[in-house]
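Engineer: okay, sequence plus prediction incoming.
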Amino acid sequence: MIHVNNVNHTFLIGKKGKEKKVPVLKGLTFNVQEGEIVAVVGKSGSGKSTLLNTIAGFMSPEQGSIIINGQETAALNETERAEFRLNNFGFIFQSFQLMPGLTAFENIELPLKLKGVSPKKRKVSVLQLMKKVGLESVSDHYPNELSGGQQQRVSIARALITNPPILLADEPTGSLDSETEQDILMLIQDLNQTMGVTFVIITHDDEVASIAHRKFKMHDGELKKEDMSHVI
Ligand SMILES: Nc1ncnc2c1ncn2[C@@H]1O[C@H](COP(=O)(O)OP(=O)(O)OP(=O)(O)O)[C@@H](O)[C@H]1O
């Protein structure tokens, strides 16, 4: 489903003429299978977000290839890449990134509106998914009238409403207390098991990594598979 082949990337940092080369991704090779939850852990600055940005096609790696569902993303132009991203990925962020002027329902509905789905079909899909993620009772609430956990549920539902096969999550529980974190992790596991959604989760939190089928550790731009023998 996701094939990362010998990916290298170097940033140029500093003043013009005196730039320093900083290698951020060094020969990364790994695959993610359909239906897996994969966690990428590592210290701040180890290259996790850069890796996620290359998988999502927000940036192209200097060397190597990334193939998503049989498509090499670097071969697409900007417009095709945006379309490809829309059809293949949903995104979850630490800071939820909800539209403050829209209700929970309207936030989840927005991607369908942008895709031109009819109001009737939108309503059916949104209500069904809100039920699935446990948001029926707060449909008319604005983001500032929701708890952190509820806001993250809205953002997960918004990411899933167009049925993308892959969710990319950057510290999805980073803003939540530990009890709410557990709720969100259970939801992620449920969505993985019942809807077959593949998750790639960036985190520095061991609790989050513990729900992954496989865990990779980024260290100075290199990726090492971690022992997951504790996972049944
Ligand atoms: N656009 C950019 N231009 C130059 N350097 C960058 C850029 N983006 C990231 N870097 C550098 O690349 C390295 C890796 O950054 P990255 O954000 O991928 O790390 P991270 O593991 O996600 O960190 P964090 O956990 O703090 O988000 C850092 O040294 C960072 O300063």
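Structural biologist: Right, received. Where do you want to start?
Engineer: low-scoring stretches of the protein, by residue?
Structural biologist: Applying pLDDT under 70 to the chain flags the ranges 227-232.
Engineer: and the closest residue to Glu171 other than its chain neighbours, how far from Gln189?
Structural biologist: Nearest residue to Glu171, sequence neighbours excluded (Cβ to Cβ, 6 or more residues apart in numbering): Gln94, at 4.0 Å. The way it works is simple: take the backbone N, C-alpha and C, and place the C-beta from them, glycine included. With the distance defined as Cβ to Cβ, to the nearest Å, Gln94 ends up 19 Å from Gln189.
Engineer: give me the more crowded residue out of those two.
Structural biologist: Gln94 (17 against 14; other Cβ atoms under 10 Å).
Engineer: give the bridge partners for the most centrally placed residue in the chain, please.
Structural biologist: Residue closest to the average C-alpha location in the chain (Cα atoms, centre = their mean): Leu168, at 1.5 Å. Per DSSP bridges, the residues bridged to Leu168 are Phe91, Val200.
Engineer: now do the contacts for it.
Structural biologist: Leu168 sits next to 52, 55-56, 89-92, 200 when contact means Cβ atoms under 8 Å, 6 or more residues apart in numbering.
Engineer: could you show which parts of this protein are in contact with the ligand?
Structural biologist: 11, 13, 22, 24, 42, 44-50 (Cβ under 6 Å from any ligand atom).
Engineer: quick one: stretch 125-139 to chain centroid distance?
Structural biologist: 21 Å (Cα atoms, centre = their mean, to the nearest Å).
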